[in-house]
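Asks: Here is the input, now give the coordinates:
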Amino acid sequence: MPPEPPPLPALTRAEGELVDLYLEVVDLLGRINPARGRDTYGALRAAQALAGRAAALRDALTVMYERGETELHARTLARALRVLDGRRRAGLVGLPPEPGS
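Replies: Alright, predicted model coming up:
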């Protein structure tokens, strides 16, 4: 049985939505990444979905801003991203390591 992950920090509903949508966009970018891709169809489907998820992310940030949430609590949000495997997921967006390194 794998160890239980640390608990998520306390987030507002808007912050939770921001984190979730951000990670969805990161996951899609990882699937599109030509340095890691396996087939064009999967990348195409991810690219098609990206536009909608990016718009949802924009809308979530707009709602936060319009409600007066003008500050992002970066340390808390970074902790949430770490708990949700954000480091590995974001790593799929970049170039893979050189073979043999």
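Asks: going forward, measure contacts and count neighbours with C-alpha atoms only.
Replies: Will do.
Asks: Where is the longest helix in this protein?
Replies: Longest helix in the chain by number of residues (criterion: DSSP state H): helix 40-66.
Asks: can you give me how far the helix or strand following it is from the chain middle?
Replies: The C-terminal neighbour of helix 40-66 among helices and strands, as given by DSSP states H and E, is helix 74-83. Relative to its chain's centre, helix 74-83 lies at 11 Å (Cα atoms, centre = their mean, to the nearest Å).
Asks: cool, and stretch 87-101?
Replies: For stretch 87-101, the distance to the chain centre is 16 Å (Cα atoms, centre = their mean).
Asks: Report the buried residues of that stretch.
Replies: Neighbour counts over stretch 87-101 (16 or more other Cα atoms under 10 Å) mark 89, 90, 92, 93 as buried.
Asks: can you redo these as a markdown table with distance to residue 20, pLDDT and secondary structure?
Replies: What follows is the buried residues of stretch 87-101, written out as a markdown table (distance: Cα to Cα, whole Å; pLDDT from 0 to 100; DSSP: H, G, I helix; E, B strand; the rest coil):
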| residue | distance to residue 20 | pLDDT | secondary structure |
| --- | --- | --- | --- |
| 89 | 12 | 96 | helix |
| 90 | 13 | 96 | helix |
| 92 | 17 | 95 | coil |
| 93 | 17 | 95 | coil |
